[in-house]
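Trainee: Model the structure of this input:
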Amino acid sequence: MEKKKILLDCDEVICFSGFLKAVNDFLGTNYEIDDFTDYYIDEAIIPPERMDEFNKFINGRNMYENAYILPGAIETIKRLNEVYDIYICSSCVNPLDVKGSGRVFTDKYNFLLENLPFIKPSNFIFTSAKHLFKADIKIDDRLSNFEGDDIEIKILFPSYHNNDLTVDELTAVGVVRAGYSWRKGWQEVEKMLLIKR
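Mentor: Numbers count the residues shown, from 1 in each chain. The predicted model follows:
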């Protein structure tokens, strides 16, 4: 029997990249991920007049070198991979540095290769047009990434920037939430996709 397919996001689902560390290094601050509610951390705290300086500061920096892997992510994905076909579907383009975004593809690819060796590299999809891909299940942290999907099960992974979404907003696009804590998100995903099977 053919396995069901999962489209799985990377950033804020599998890991927090080193972006916050880069912001803290640039500003000389000690912010933590839970200090934010906006997806774009840099826009929330870096003064607009310093954005060019910040983009130069992060130019060439590997954001996945010291990525924080979310609790239970690798173990749960490994168990899911035994039952489902998993495709990592993640964006790599930085809209503020389109020319320099090529290195993000390389850095993210190497991060996935090292940390998810049980998923074939041919199952890595790097795109911002996630709606073009069909699967049975999709797991993502951004509600906008579910719009236009013809996918049976849509799971919003909890993150610092999506806890304020209402039930009505989720219901409008047919999305269910895997709890409210990114620290326990993978436990919730496991309950939804493995334990209930």
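
Trainee: Who are the packing partners of the longest strand seen in the chain?
Mentor: In the chain, assigned by DSSP state E, the strand with the most residues is strand 85-90. Taking 3 or more Cβ pairs under 8 Å, 6 or more residues apart in numbering; DSSP states H and E as the contact definition, the neighbouring helices and strands of strand 85-90 are strand 5-8, strand 124-126. Placement of C-beta: from N, CA and C, glycine included.

Trainee: mind checking how far the residue nearest to Lys134 when sequence neighbours are not counted is from Phe54?
Mentor: What sits nearest to Lys134 in space, not counting adjacent residues and going by Cβ to Cβ, 6 or more residues apart in numbering, is Asp150, at 6.6 Å. Taken as Cβ to Cβ, to the nearest Å, the spacing of Asp150 relative to Phe54 amounts to 38 Å.

Trainee: same thing with Tyr31?
Mentor: As defined by Cβ to Cβ, Tyr31 lies at a distance of 14 Å from Phe54.

Trainee: shared neighbours, those two?
Mentor: By Cβ atoms under 8 Å, 6 or more residues apart in numbering, Tyr31 and Phe54 have these common neighbours: Val23.
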